[in-house]
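Student: Next input, structure requested:
(chains A and B)
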Amino acid sequence: MARPHALARGTHGPSGSPPHEDSLTTFRCGASTLLPALWRGASSRLPTLWCRASALHPDGDRRRRPTISHRSPMRSLARPLPARRPRPACTIPCPGRKRSAIIRPPGPLTTSPPPFHGAPMDAKHVYVEDLKNHVGETVTIKGWLYNNRSKGKIQFLQVRDGTGIVQSVLGKGAVDDATFAACDHLPQESSLMVTGAVRQDARAPGGYELSLTAVTIVAQAQPYPIALQEHGVAFLMENRHLWLRSRKQHAILRVRAEVMRAIRDFFDSRGFVALDSPILTPAACEGTTTLFNVDYFEDKAFLSQSGQLYVEAGAMAFGKVYCFGPTFRAEKSKTRRHLTEFWMVEPEIAYATLDDVMNLAEEFITFIVQRCLERRREDLKVLERNTALLEKIRPPFPRMSYDEAAKWLHDKGLPFEDGNDLGSPDETALSQAHDKPLMIHRYPTKVKAFYMKPDPQRADRALCVDVLAPEGVGEIIGGSQREEDLAALERRLEEHKLPRAAFEWYLDLRRYGAVPHAGFGLGVERTTGWICGTEHVRECIPFPRMMYKIYP
RNA sequence: UCCCCGGUAGCUCAAUGGUAGAGUACGCGGCUGUUAACCGCGGUGUUGCAGGUUCGAGUCCUGCCCGGGGAGCCA
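Tutor: Down below sits the predicted model:
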């Protein structure tokens, strides 16, 4: 009862019309085992695509795949390729011939697409993560082939569906021979639907497996670039859109999603109003860092580096607010801690002091970590994270003033100059020395932003706090009590040489009912990276944006 | 912007200045419990680019390009 499926038709373009070249990329003409006689006859005229390395670039030459960089924006896409030894645009293996054939552009498709193999899917569709509730039932998993270990007359198809991976066992005779043979040649990441009885079996990774009675191949993949082997970072980054399917990346991004949900749950349940700040802004919030420029009609604008000034307005209106969104920094930082686009949550509270936000940060971090332990333990296991270290993350967190930190660094013999901001190596050393987040407060006023309130006890120290995650991770929170005095703030703007006109609205917040207030910002990717034990923040966001890197 | 490391097959990597080679992926064959399965067979190539030294350069020198890590700055 094999029949074409809507999904399959979709991959071949409208029936009877010439397919778009791209639409052909989902099947291959070398797959004669998949095709009935009529279709196979047509396949010799079909152009497609079983190129060894054409997954990323239409000319099949991986070395020319688009790499977009600051110095050579869109170079490989914008310029014609240099003249060189002619290469086949696309090749297919031809039985009986040593060399691959050169493929001509596609002609019109006149035959119908190949039918699927296997029985129609009348079994209940379930997700891999729910399989344990369906032992003994016959169910269908819809997903992609993670790996196939073929052992002659028995095949072990490992199918992933986004919620997990399940091993399904296909014995010869369980399905028709054509389907069995097709499965034996299925490349990694081919999409397929498998139907079978759910069994508990200790031999299966994950503990449950399927005894298959039907397999439907939705789309046979081209050879998948990301093999089950080690790959270099550069290669994986250029294949980020596919890398997301890998187990570790999958686990990290699920933890990230949990972190984001925990953030919202924490503030929403405490009476904070979500008040989003603009992404397009007229001026720098802090003045010191480099911003991305944007043409804003006839004017100039910037991508926001912080929503803080705007949530201050929000706090005066709603009492407790937070903004949560992307933030942009154009600094040329090339380290494992930096992205040019990252997500930040910034709570701001009226009538709050530095101590209030330090206490809040402590509760907040604890909430996020414990939530991930509670709900994403399996992912942390995939990541081989030492969760015992995370279990310890509960109040109180150690607190240290800047002066105490400076003394600690001196005692350790680290080259640190009093009065300077803490450098990266300093923070790393401090962070490594603690097994809980370390709160360092009251940095020198001169190294901090203009809006931070100086300590009334000591004007050369600001009422601010940085929270350093342990294990050498470093800063995940920066916060402060804000300067609420109009005259003092005006002086600070001048000292920082900031354009006053752009800040008039901000000064208004002091003119009309100023109150003490405070807040902080937490970086989502750094926090996720700490919880996951990830080496680099680029793995903690689906499509990282970094210096000179904006593809894919 | 500065400092350090790197660029060889689609991918991961070898190769005293002397014939560019493995594993993997891919293809074919074998195998009814595999765990990145295994066994046999099949060939990968402008050694990042441009010069230079040399009888001879993947290897040494110079410049450039690209990538990675770090400093500053920051979440």
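Student: Counting neighbours, what do you get for residue A:536?
Tutor: 16 (other Cβ atoms under 10 Å). Using the backbone N, CA and C atoms, a C-beta is placed for each residue, glycine as well.
Student: Contacts only, for it.
Tutor: The contact partners of residue A:536, by Cβ atoms under 8 Å, 6 or more residues apart in numbering, come to A:336, A:529.
Student: Quickly note the distance from it to RNA strand B.
Tutor: As judged by Cβ to the nearest atom of the strand, to the nearest Å, residue A:536 and RNA strand B stand 5 Å apart.
Student: per-residue confidence for that residue?
Tutor: As predicted, residue A:536 sits at a pLDDT of 91.
Student: Check the gap between it and residue A:546 for me.
Tutor: 10 Å (Cβ to Cβ, to the nearest Å).
Student: Which positions in the stretch 151-300 of chain A make contact with RNA strand B?
Tutor: For the stretch 151-300 of chain A, the contact set with RNA strand B under Cβ under 7 Å from any atom of the strand comprises A:151-154, A:156, A:158, A:167, A:169, A:171-173, A:185, A:187-188, A:201, A:203-205, A:209, A:211, A:223-225, A:227-235, A:237, A:286, A:288-289.
Student: Out of the residues you listed, which sit inside helices?
Tutor: A:233-235, A:237 (DSSP state H).
Student: Neighbour-wise, give me the winner out of the residues you listed.
Tutor: residue A:237 (17 neighbours).
Student: Surely it and residue A:548 touch.
Tutor: No: with contact defined as Cβ atoms under 8 Å, residue A:237 does not count as touching residue A:548 (11.4 Å).
Student: where do the helices sit along the stretch 351-500 of chain A?
Tutor: A:354-375, A:377-382, A:387-391, A:402-411, A:424-432, A:486-495 (DSSP state H, counting those that start in this stretch).
Student: what do you get for the stretch 201-350 of chain A?
Tutor: Under DSSP H, counting those that start in this stretch, the stretch 201-350 of chain A gives helices at A:233-238, A:240-243, A:247-268, A:308-318.
Student: ok, and for the third one, which residues are buried?
Tutor: Pointing back at helix A:247-268 there. By neighbour count on 16 or more other Cβ atoms under 10 Å, the buried set for helix A:247-268 is A:249-256, A:258-260, A:262-263, A:266-267.
Student: Could you check which helix or strand contains residue A:142?
Tutor: strand A:138-150 (DSSP states H and E).
Student: so what's residue A:186 closest to, chain neighbours aside?
Tutor: Nearest non-adjacent residue to residue A:186, counting by Cβ to Cβ, 6 or more residues apart in numbering: residue A:145, 5.5 Å away.
Student: Verify the stated contact: the one you found with residue A:192.
Tutor: Yes: assessed by Cβ under 8 Å, residue A:145 is found in contact with residue A:192 at 6.0 Å.
Student: picking that back up, turn the ones in helices among the residues of the stretch 151-300 of chain A next to RNA strand B into TSV, columns for pLDDT.
Tutor: Below are those laid out as TSV (pLDDT from 0 to 100):
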residue	pLDDT
A:233	88
A:234	87
A:235	90
A:237	90
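Student: Rebuild those as CSV, extending it with distance to residue A:348.
Tutor: As requested, those are arranged in CSV below (distance: Cβ to Cβ, whole Å):
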residue, distance to residue A:348
A:233, 37
A:234, 40
A:235, 42
A:237, 35
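Student: Nearest to residue A:415 among those?
Tutor: Set against residue A:415, the nearest of these by Cβ to Cβ is residue A:233 (30.9 Å).
Student: Compute the distance between the closest one and residue A:226, please.
Tutor: Per Cβ to Cβ, residue A:233 is found 13 Å from residue A:226.
Student: Please apply the same query to residue A:164.
Tutor: 19 Å.
Student: If you count surrounding residues, which of the two has more?
Tutor: Using other Cβ under 10 Å as the criterion, residue A:164 and residue A:226 rank with residue A:164 on top: 19 against 16.
Student: Can you tell me the closest non-neighbouring residue to the more buried one?
Tutor: residue A:128 (3.5 Å).
Student: Give the full set of residues in contact with the residue lying closest to residue A:379 once chain neighbours are set aside.
Tutor: Closest residue to residue A:379 apart from its sequence neighbours, by Cβ to Cβ, 6+ apart: residue A:251 at 3.7 Å. Counting by Cβ under 8 Å, 6+ apart, residue A:251 touches A:376, A:378-380, A:382-383, A:532.
Student: Buried subset of those, written for ChimeraX?
Tutor: Paste this into ChimeraX to select the buried members of the contacts of residue A:251, with burial taken from 16+ other Cβ under 10 Å:
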select /A:376,379,380,382,383,532
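Student: and which of the contacts of residue A:251 is nearest residue A:326?
Tutor: Nearest member of those to residue A:326, counting by Cβ to Cβ, is residue A:532, at 20.0 Å.
Student: Enumerate every residue touching residue A:382.
Tutor: A:247-248, A:250-251 are the contacts of residue A:382 under Cβ under 8 Å, 6+ apart.
Student: and which of those residues is nearest residue A:355?
Tutor: Within the contacts of residue A:382, proximity to residue A:355 (Cβ to Cβ) peaks at residue A:251, which comes in at 36.8 Å.
Student: on that earlier part again, between residue A:145 and residue A:192, what contacts are shared?
Tutor: Joint contacts of residue A:145 and residue A:192 (Cβ under 8 Å, 6+ apart) are A:157, A:159, A:186.
Student: Look at the last one and say how many residues are nearby.
Tutor: Think residue A:186. The burial count for residue A:186: 21, using other Cβ under 10 Å.
Student: Could you do the first one as well?
Tutor: For residue A:157, the neighbour count with other Cβ under 10 Å is 27.
Student: circling back: kindly report which one of the helices of the stretch 201-350 of chain A carries the lowest mean pLDDT.
Tutor: Of all these, helix A:233-238 has the smallest average pLDDT, which comes to a mean of 89.
Student: Restrict it to CA atoms and write it as PDB.
Tutor: Extracted as PDB, the C-alpha positions of helix A:233-238 are listed here (Å, rounded to 0.1, in the frame of the first residue of the first chain):
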ATOM      1  CA  VAL A 233      35.300  24.500  15.800                       C
ATOM      2  CA  ALA A 234      35.500  26.500  12.500                       C
ATOM      3  CA  PHE A 235      33.800  23.700  10.600                       C
ATOM      4  CA  LEU A 236      31.100  23.300  13.200                       C
ATOM      5  CA  MET A 237      30.500  27.000  13.400                       C
ATOM      6  CA  GLU A 238      30.000  27.200   9.600                       C
END
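Student: re earlier: could you give the angle of the strand holding residue A:142 to helix A:247-268?
Tutor: Strand A:138-150 and helix A:247-268 are oriented at 140 degrees to each other (axes from the mean of the first three to the mean of the last three Cα atoms, to 10 degrees).
Student: Contacts (any at all) between RNA strand B and strand A:138-150?
Tutor: Yes: if you take Cβ under 7 Å from any atom of the strand as the test, strand A:138-150 does meet RNA strand B, through A:147, A:149-150.
Student: quick one: residue A:478 and residue A:521 touch, right?
Tutor: Yes: under the criterion of Cβ under 8 Å, residue A:478 makes contact with residue A:521 at 5.8 Å.
Student: so what's in contact with those two at the same time?
Tutor: Common neighbours of residue A:478 and residue A:521 (Cβ under 8 Å, 6+ apart) do not exist.
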